[in-house]
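Novice: Got a predicted structure plus its sequence, pasted below:
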Amino acid sequence: MPRVNTHLVEKHIRYVIDGYTTQRVEDIKNALKSHLTNLLDDIRISKNGYKISLSFRTPANVRVMQCEEIDELLSKLGVMATRIIVSNVTTYESVTSTEAGHKRLNVNLLIAALSDGKTVERSEGIILSCKKRDGKWMRI
Amino acid sequence: MDENLERIKKNSEELYRLYQEGKELRISNNTLASLLLSAIEEASNYFIELLLSKCGNPTLRRNISARIYNERVVKYELFLAIYYTMQNYDVETIIERARLLSSKWINIINNINVSDKDLNEIETYYTNYDMMEKAVSELNKDESCGILNMLVQM
């Protein structure tokens, strides 16, 4: 079996938000940092035309924001949110793979690659997810 | 096997067959590449569907279908990440190669001239489909949910 060493580092709450904006990515990033004091420095934003996906995380011991709250915050930044997913995540580090030639899928390695880095953030499940329909937030 | 799963799998296989027949008919490399990449996209859809059926979480299913189903680049990245993970590359190499190649494929879909070499390269990836399918179908419920939870955040 290929070896993957993972050490638990921390637990967080990650917010993933889809929406629309006319603002610049850098401006949103900076505004987000100044509005959310308990934000941890791992903000991911991708923008395509007016469509935007942004993601940030807070410590696990702070209160989970509700969709309406997140929406209100983002509208201050000029982002119109349409979908919000909130998950509990756990961060691991030091992912190494040593042996070769095995044909079983190494899930930890795959998740590390999909999560984009050496520090692996693994989702432990969705806490809250909602979608805006006719101007109202619906739990989905 | 689940009817929906079977349908997606068949789509992928038929697209590949069309590609093979198109090659005999000497249709253009661009068209051939579109067929191959659609076959890969369907293969990725099939893997996602397979994971969803193992995981069995309806909230995840709804979020995956809303966020991933139209994102071609995520599907290419998933396919490539599974492929490279099975080759046991280290994590940085997997990320780099999956990202590089998936953006190249997006350019190909957007009609950049496709060389014979590019076409053969894409086909090589597709021909590993069986091995990848076997590996994905061996995963258990927790592993499947873990991958999907990650995908939903991409």
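Specialist: Yes, it's here.
Novice: mind saving the C-alpha coords of stretch B:98-110 as PDB?
Specialist: Below are the C-alpha coordinates for stretch B:98-110, written out as PDB (Å, rounded to 0.1, in the frame of the first residue of the first chain):
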ATOM      1  CA  ALA B  98      -4.100  17.800 -13.600                       C
ATOM      2  CA  ARG B  99      -4.300  21.500 -13.800                       C
ATOM      3  CA  LEU B 100      -2.000  22.000 -16.800                       C
ATOM      4  CA  LEU B 101      -3.700  19.300 -18.900                       C
ATOM      5  CA  SER B 102      -7.300  20.200 -18.000                       C
ATOM      6  CA  SER B 103      -6.700  23.800 -19.100                       C
ATOM      7  CA  LYS B 104      -5.100  22.500 -22.300                       C
ATOM      8  CA  TRP B 105      -8.200  20.400 -22.900                       C
ATOM      9  CA  ILE B 106     -10.400  23.400 -22.300                       C
ATOM     10  CA  ASN B 107      -8.400  25.200 -25.000                       C
ATOM     11  CA  ILE B 108      -8.800  22.300 -27.300                       C
ATOM     12  CA  ILE B 109     -12.600  22.300 -26.800                       C
ATOM     13  CA  ASN B 110     -12.500  26.000 -27.600                       C
END
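Novice: Would you mind measuring from the residue of chain A found nearest chain B to residue B:95?
Specialist: Distance from chain B to each residue of chain A (C-beta to the nearest C-beta) is smallest for residue A:123, at 3.4 Å. No exception for glycine: its C-beta is placed from N, CA and C like everyone else's. The gap separating residue A:123 from residue B:95 is 18 Å, by C-beta to C-beta, to the nearest Å.
Novice: of those two, who's got more company?
Specialist: Neighbours were counted for residue A:123 and for residue B:95 using other C-beta atoms under 10 Å in any protein chain shown; residue A:123 has more, 24 against 21.
Novice: buried set for the strand or helix carrying that one?
Specialist: Using DSSP states H and E, residue A:123 maps to strand A:120-133. Buried residues in strand A:120-133, counting neighbours by 16 or more other C-beta atoms under 10 Å in any protein chain shown, are found at A:120, A:121, A:122, A:123, A:126, A:128, A:129, A:130, A:131, A:132.
Novice: again, but for stretch B:73-80
Specialist: B:74, B:75, B:76, B:77, B:78, B:79, B:80.
Novice: How about stretch B:56-74?
Specialist: Per 16+ other C-beta under 10 Å, stretch B:56-74 contains these buried residues: B:57, B:60, B:61, B:63, B:64, B:66, B:67, B:68, B:72, B:74.
Novice: May I ask which two of those residues are separated the most?
Specialist: Greatest spatial distance in these: B:57 and B:72, 24.2 Å, computed using C-beta to C-beta.
Novice: Leaving out the residues flanking it, which one is nearest to residue 113?
Specialist: Going with chain A. In this structure, residue A:113 finds its nearest non-sequential neighbour in residue B:94, 4.0 Å apart by C-beta to C-beta, 6 or more residues apart in numbering or on different chains.
Novice: could you do chain B instead?
Specialist: residue B:30 (7.1 Å).
Novice: Let's have the buried residues of strand A:120-133 in TSV, adding distance to residue B:99.
Specialist: Output for the buried residues of strand A:120-133, formatted as TSV (distance: C-beta to C-beta, whole Å):
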residue	distance to residue B:99
A:120	17
A:121	17
A:122	20
A:123	20
A:126	26
A:128	30
A:129	27
A:130	30
A:131	29
A:132	31
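Novice: Share the number of residues neighbouring residue B:45, please.
Specialist: Residue B:45 is flanked by 20 other residues according to other C-beta under 10 Å.
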